[in-house]
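Q: Need a 3D model of the following:
(one chain, ligands or ions: 1)
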Amino acid sequence: MTDAATPAAAPRPATFTTSSPATREPIAEHPVDGPEDVSRAVIRARAAQAGWAALPAGRRRGHLLRWKKALAADLDAVVRTIAEETGKPAGDAALEVVLTLEHLNWAARNAERVLRRRKVGTGLFTVHQRASLVHRPLGVVGVIGPWNYPLYTPMGSIGYALAAGNAVVFKPSELTPGTGVLLAELFDAAVPGHAGLLTTVTGAASTGDALARSGVDKLAFTGSPETARKVMAVCAETLTPFLAECGGKDAVIVTADADLSAAADAIVWGALSNAGQTCAGVERVYAVREIHAALCEQVVQRARTLRPGAGADAAYGPMTLPSQVAVVERHVTGAISAGAQALLGGPESVRAPYVAPVVLTGVPETAAAVTEETFGPVVVINPVADVDEAVERANASRYALGAAVFCRNGRAGAAIAARLCAGAVSVNSVLGFAAVPALPFGGSRDSGFGRIHGEEGLRAFTSVQSTTVQRFTPPIALTSFDVPAATRERAVRLARALHRRR
Ligand code: NAD
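A: Residues are numbered from 1 along each chain as shown. Sure thing, here's the model as predicted:
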């Protein structure tokens, strides 16, 4: 009990502790930011954004490139933080930082070209107008991120939103807040005089919910479709625009004439790297019957040499999210009890926090290992009669994020790619599209909607304003009550005559 004379101690802010996915050793403590903290961050961001948007484009580009240089200079610290929080090997974390640098570089250097005012042509009755459009920043963008690529994935929104002239409030996953905090610290050090332009708030679902309710001008979400639905429902209350980058169940199609060694190499990497915890990772393979057995053999040969762990010789790390281990186990045991054959590993491969490689074949298309996102080092390689059946099965998914085609002839591969329901397709490689900053990235169905990266990814964080400037009084002015009826009729006759013919 506190007596009236003794002032009560200030309540300690609530915190949460992150821990190593490999050892469960604690890493760091972070505040649980509540609605008031988030609201303060958004107010500061709004104040900072006005000055940022008013800068000449060249100055903004210079600031962002300085931030990029700071990230490159501090690459080791960033890699350490990502590796510690996710458990992934340092080499994988370094690849993530390298990809991020490439994207930030592209966004910074291309924003002005993509978003600046441009003239557009006018029409028959508008020749007296000069018409143009310009993409203007939205204001403050909220970004909610996942843990599997805690830098690369949210930076697809953060870097492009800042380049487009916005401020950002970022809520990283509760598993990887340290990466988000470091990102904002590096920004503040590299871009002095713009405090509040990029703020990281930390916490779990309640902090993300507060960000969705905070009055941001757009919310860019990356995570599972289940969470996307909840956040989108909150955004709907205020008509806050929403962008969803969700999961995938990416398929690879292998044709009879494909280079099987190259296909097996790419499939193994696409399925197992980052312990299979990649939204556009390889989860399903449809191989035509003639080469199915040979492909399986090559995949198994490569995969059996790889092992998860924490040491330097480990190919990949632990499952970052402890609860995902049970999902992987359920998919593997479910597939086998439904008649699938385990070509490598099986339920015994699941030894939390690690999962050794699992290669399955003959998996019924109705099994969870085919229909749900496994998000673990498991790959299903099913035989198909021909490319048509492969395309049909690849497309019969609730997800539509990425895909790949292996085919001797690139042109024929591209023709198969065009038949796939996927936001991005790589021919004769996996995930090739994710490394090209000029290419938009995103999916449809349960994989979400909207695009990050590339020109679309810059425009995603803007609103377009159309302008006309009248150059002279038109000979036929239709927007006046003074127009004689005969003039109006002449205009209609003219339009009808013209549009009937062309
Ligand atoms: P998740 O949906 O559990 O969480 C994502 C983020 O949402 C986290 O920051 C979390 O704290 C926050 N959140 C949770 N509940 C919330 C709520 N009610 N309101 C607001 N925010 C809330 O996803 P995850 O486990 O962090 O990430 C894995 C998923 O992300 C997988 O499905 C993966 O495929 C997907 N992913 C997609 C892409 C892509 O670009 N398409 C990239 C990486 C990961």
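Q: is it true that residue 289 touches residue 385?
A: Yes. Judged on Cβ atoms under 8 Å, residue 289 makes contact with residue 385 at a distance of 6.2 Å. All C-beta atoms are positioned from the backbone trio N, CA, C, and that covers glycine.
Q: So which of the two has more stuff around it?
A: residue 289 (12 against 9; other Cβ atoms under 10 Å).
Q: Near the ligand, which residues of the protein are found?
A: 144-149, 153, 171, 173-174, 204-205, 208-209, 212, 222-224, 227, 230-231, 245-248, 279, 321, 373, 401 (Cβ under 6 Å from any ligand atom).
Q: now, which of the residues you listed lie within helices?
A: Of the positions in the residues of the chain next to the ligand, 153, 205, 208-209, 212, 227, 230-231 sit in helices, assigned by DSSP state H.
Q: follow-up on the earlier one: type out the PyMOL command that picks the buried ones from the residues of the chain next to the ligand.
A: Provided next is the PyMOL selection string for whichever of those are buried by 16 or more other Cβ atoms under 10 Å:
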select buried, resi 144+145+146+147+148+149+153+171+173+174+208+209+212+222+223+224+227+230+231+245+246+247+248+279+321+373+401
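Q: Can you give me the buried ones in stretch 228-245?
A: Buried, per 16+ other Cβ under 10 Å, within stretch 228-245: 228, 230-232, 234-235, 240-245.
Q: count of residues packed around residue 46?
A: 17.
Q: Quick check: it touching residue 141?
A: No. If you go by Cβ under 8 Å, residue 46 and residue 141 don't touch, sitting 11.2 Å apart.
Q: Could you tell me which residues touch both of these two?
A: residue 167 (Cβ atoms under 8 Å, 6 or more residues apart in numbering).
Q: for the ones in helices among the residues of the chain next to the ligand, which one is nearest the ligand?
A: residue 208 (2.2 Å; Cβ to the nearest ligand atom).
Q: how about the ones in helices among the residues of the chain next to the ligand in CSV, adding distance to residue 75?
A: CSV is the format used below for those (distance: Cβ to Cβ, whole Å):
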residue, distance to residue 75
153, 18
205, 31
208, 28
209, 33
212, 32
227, 30
230, 35
231, 32
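Q: For the closest residue to the ligand within the stretch 51-200 of the chain, give its distance to residue 372.
A: For the stretch 51-200 of the chain, the residue closest to the ligand is residue 146, as judged by Cβ to the nearest ligand atom, at 3.1 Å. Here residue 146 is placed at a distance of 17 Å from residue 372 (Cβ to Cβ, to the nearest Å).
Q: And for residue 115?
A: Counting by Cβ to Cβ, the gap from residue 115 to residue 372 is 39 Å.
Q: between these two, which one's more packed in?
A: Neighbours were counted for residue 115 and for residue 372 using other Cβ under 10 Å; residue 115 has more, 22 against 19.
Q: residues in contact with that one?
A: 134-135, 164-165, 458-459, 462.
Q: Helices of the stretch 251-400 of the chain, residue ranges please.
A: Listed in chain order, the helices of the stretch 251-400 of the chain (DSSP state H, counting those that start in this stretch) span 260-272, 289-303, 324-337, 368-371, 387-395.
Q: could I get the ones you listed as TSV with mean pLDDT and distance to residue 496?
A: As requested, the helices of the stretch 251-400 of the chain are arranged in TSV below (pLDDT from 0 to 100; distance: least, Cβ to Cβ, whole Å):
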stretch	mean pLDDT	distance to residue 496
helix 260-272	98	57
helix 289-303	98	59
helix 324-337	98	62
helix 368-371	98	54
helix 387-395	98	44
